[in-house]
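# Would you be able to build a 3D model of this:
(one chain, ligands or ions: 1)
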Amino acid sequence: MADYTRLDVWALRAQKEGYPARSVYKLKEIDEKFHLFKSTVLFGKSPRAKILDLGAAPGSWSLYTLRNTASSLTAVDISPLSRQFDKGLFDDKERFFFIQADMTAMETKTLIKERGPFALSLSDAAPATTGNRSIDTARSLVLAETALEYAAAVLAKGGCLVVKVFQSGESDELLKKIKAIFDKGVSFKPKSCRRESFETYYIGIRKK
Ligand SMILES: C[S@@+](CC[C@H](N)C(=O)[O-])C[C@H]1O[C@@H](n2cnc3c(N)ncnc32)[C@H](O)[C@@H]1O
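As a prediction, this is how the structure comes out:
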């Protein structure tokens, strides 16, 4: 069985490089492969294009975004962000807005809609796992479907989506929906995902 109490090589590297979680390397790999942060929508005419980060705590993806773009960021999580490494970036009210709430709640949806439209929507949201694969994949799918709902409602035309999902038969259906909304929809599993993990990321490129 996996030992999650031991800091692995990725987690140690994250801390050394000023990120609270190893998940930052998954976003880095996605960014390097798909160049989502460099897309014309983000940097062409509007250097302050808006980005959405769902399931943002403890905050590695948010920090990566703030450090590598000039964009403004809206982040959402039920848990608070870690303030260990942000060096004040999370206090920059011009660029960063955090909503501590359930992303599936109606009030959160209303709040996020008011802050759009977004050029890029990221979701690394994941349920607390139970060890029961069908329960965990079903809960992950609810979060991923919600992220897709946000993409349909608040992502600008030409915008891109990154969404984590625990793979199952039903998650294949989600990829089909992404392909219908975006010019291109692909599945990508970063090397930095734990070997035993059944998570993957779906990438939607250029919303129609
Ligand atoms: C893998 S962590 C995200 C790590 C983050 N991307 C980072 O780099 O620090 C998954 C997050 O999803 C959040 N989450 C799960 N269900 C949620 C919900 N209904 N609404 C908002 N956040 C949720 C959890 O609280 C957790 O912080």
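# The lengthiest strand in the chain packs against which elements?
Ranked by residue count under DSSP state E, the longest strand found in the chain is strand 155-166. Other helices and strands packing on strand 155-166, by 3 or more Cβ pairs under 8 Å, 6 or more residues apart in numbering; DSSP states H and E, are helix 24-34, helix 40-43, strand 118-123, helix 133-154, helix 169-181, strand 199-207. Where you see a C-beta, it was placed from the backbone N, CA and C, and this is true even at glycine.
# in its sheet, what does whatever helix or strand comes next after the second one sit against?
If you walk from helix 40-43 toward the C-terminus, the next helix or strand you reach (DSSP states H and E) is strand 50-54. Taking DSSP bridges as the criterion, strand 50-54 sits next to strand 72-77 (parallel), strand 118-123 (parallel) in its sheet.
# Tell me how many other residues crowd the residue lying closest to residue 116 once chain neighbours are set aside.
Leaving out its chain neighbours, the residue that sits closest to residue 116 by Cβ to Cβ, 6 or more residues apart in numbering is residue 154, at 3.5 Å. For residue 154, the neighbour count with other Cβ atoms under 10 Å is 20.
# I'd like the distance between residue 154 and residue 36.
Here the criterion is Cβ to Cβ, to the nearest Å. By it, residue 154 lies 16 Å from residue 36.
# Check residue 72 too.
16 Å.
# What are the phi and psi values at residue 63?
Backbone geometry at residue 63, expressed as degrees, to the nearest 10, gives phi -60, psi -40.
# I'd guess residue 114 is in a helix, am I close?
Yes. Counting by DSSP: H, G, I helix; E, B strand; the rest coil, one finds residue 114 located in a helix.
# List the residues that contact it.
Residue 114 makes contact with no residue, according to Cβ atoms under 8 Å, 6 or more residues apart in numbering.
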